[in-house]
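Enquirer: Below are the sequence and a predicted model; questions follow.
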Amino acid sequence: MATLTHDGRGTRTRAAVRPATSLPGLGLAVVSAASFGLSGALAGGLMAAGWSAAGAVTVRVAVAALVLLWPALVVLDGRWSLLRRHLRTITVYGVVAVAGCQLAYFNAVRHMQVGPALLIEYTAPVAVLGWLWFRHGHRPTRLTALGAALAAVGLVLVLDLLSGADVSLPGILWSLGAMAGAAVYFVLSAEESDLPPLVLAAGGLVVGTVVLLLAGLVGVVRLEASGADVAYAVGTVPVWVPVAGLGIVAAAVAYVTGIAASRRLGSRLASFVALLEVLFALVFAWLLRDEIPAPVQFAGAALVLAGVVVVKLGERND
């Protein structure tokens, strides 16, 4: 991951850790988490209608790339040198943070249950803490460590792992790959850069779409889709409704606001606020899929939220 930041100069170090504008950044981070959290419920409906998981995610990324392409070109305003200068960042973002993270997760759940795979992937904030400590010498405060511990316990409860779950070495390794991809997303998103968030998101999604399609062509993942209507708790809808929701809200809005939030909050705080995604996922699964959370999951949600608050307090005392 040494190539993920251009240098270790002071301005970039501060941007990675200390937020300049907390309130707008927190708002953007929550919007991003909610948008990402919608993806599971929408994709669940598509998979019940005959789509493969990889097919749903590939369409999600491709639609988002198409939606953001024109606005990104408008924002770029002919500054092609800016695009060339940041080509490596865009490529790494698309290959690792978008496509690589998804591919690793798909392969993980082929070997182990979804809950443990998600738990390992959601340890990305810990990886970010380790990266900032190793790369920039920013040792986590006691409050940050306490917040991380609270959030970790909360995730165990939210993902309902106490009932017992099977794990495997290949599954763990693939889940760690997904975790690394998520960590790269936060580190790259938080970099101080003259590349607009909209352009980074659009470029990364275009690259991610190409990688996912190639992975499907060579058989790494199964790309299957269906034109059948999709059933949710609120009723049956045409297939384009969840497809549009996945592409526009759960990808385009999610990535753009996530990058903008990371640049305001820094990768450390942004990665912990992003854990709220799992809470929003529970709510949307309840509303759209009639999947009622267990009481222990509500308790876990409260711990995750408490962990995020404590990490925020740790930022103030850093």
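Expert: Structure's in. What do you need?
Enquirer: name the helices or strands packed onto the strand or helix carrying A281?
Expert: Using DSSP states H and E, A281 falls within helix 276-289. Identification of packing neighbours for helix 276-289 by 3 or more Cβ pairs under 8 Å, 6 or more residues apart in numbering; DSSP states H and E yields helix 22-48, helix 142-158, helix 295-316. (Each C-beta comes from the backbone N, C-alpha and C, glycine too.)
Enquirer: how about the second one: buried residues?
Expert: When burial is assessed from 16 or more other Cβ atoms under 10 Å, helix 142-158 yields the following buried residues: 143-148, 150-158.
Enquirer: what residue is smack in the middle of the protein?
Expert: Ranked by distance to the mean C-alpha position of the chain (Cα atoms, centre = their mean), the top residue is A182 at 5.9 Å.
Enquirer: Pull the contacting residues for the nearest residue to it once chain neighbours are set aside.
Expert: Distances taken as Cβ to Cβ, 6 or more residues apart in numbering put A124 closest to A182, at 3.7 Å, once the chain neighbours are dropped. Contact analysis of A124 by Cβ atoms under 8 Å, 6 or more residues apart in numbering lists M179, A180, A182, A183, Y185, F186, S271.
Enquirer: of all these, which comes closest to L82?
Expert: Comparing the contacts of A124 against L82 with Cβ to Cβ picks out Y185 as the nearest, at 21.0 Å.
Enquirer: what's the following helix or strand after the strand or helix carrying that closest one?
Expert: Using DSSP H and E, Y185 sits within helix 169-190. Note on helix 169-190: by DSSP H and E, the next helix or strand toward the C-terminus is helix 197-217.
Enquirer: Mind giving me the packing neighbours of that following helix?
Expert: helix 53-76, helix 80-85, helix 87-92, helix 101-108, helix 169-190, helix 254-265.
Enquirer: returning to that earlier point: now the helices and strands packed on helix 276-289 as a markdown table including mean pLDDT?
Expert: Formatted as a markdown table, the helices and strands packed on helix 276-289 follow (pLDDT from 0 to 100):
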| stretch | mean pLDDT |
| --- | --- |
| helix 22-48 | 90 |
| helix 142-158 | 82 |
| helix 295-316 | 78 |
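Enquirer: Give me the secondary structure label for T236.
Expert: Assigned state for T236: strand (three-state reduction, DSSP: H, G, I helix; E, B strand; the rest coil).
Enquirer: re earlier: which pLDDT value belongs to the residue nearest to the centre of the chain?
Expert: On pLDDT, A182 comes in at 90.
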